[in-house]
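this one's structure only:
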């Protein structure tokens, strides 16, 4: 059995068994229904979608930087490397603090 927070943010911890399904303790199912009716599932999905989009943006930024380094466009240019580092740090902080 594994214990997980339903929708990663509901505060309802459910027990999951790969072979037998999901097990609910007292009041957990009603709390999950309340969470869903209150818009929690849509909010959780929107947050997860935003996190994925930010990860994709950071990956594209990293790929672009690597391509530029390979082509010699950033080879040893400290100011461009510094700007790229600042942009990457900004994206990471935004991701972590949201």
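In hand now; what should we look at? These numbers were taken from a predicted model, which means no experiment stands behind them.

In this protein, where's the longest helix?
helix 40-71 (DSSP state H).

Can you name every helix or strand that it contacts?
Applying 3 or more C-beta pairs under 8 Å, 6 or more residues apart in numbering; DSSP states H and E, we find helix 40-71 packed against helix 78-97. All C-beta atoms are positioned from the backbone trio N, CA, C, and that covers glycine.

could you give the mean pLDDT of the helix it packs on?
Helix 78-97 shows a mean pLDDT of 62 in the predicted model.

Now do the contacts for residue 5.
Counting by C-beta atoms under 8 Å, 6 or more residues apart in numbering, residue 5 makes contact with 11, 12, 13.

distance of it from residue 32?
Distance of residue 5 to residue 32, computed by C-beta to C-beta, to the nearest Å: 11 Å.

anything in contact with each of those two?
In contact with both residue 5 and residue 32: residue 12, using C-beta under 8 Å, 6+ apart.

ok, so of the contacts of residue 5, who is nearest residue 28?
Nearest to residue 28 among those: residue 12, at 5.4 Å, using C-beta to C-beta.

Could you give the number of residues near the closest one?
With neighbours defined by other C-beta atoms under 10 Å, the count for residue 12 comes to 20.
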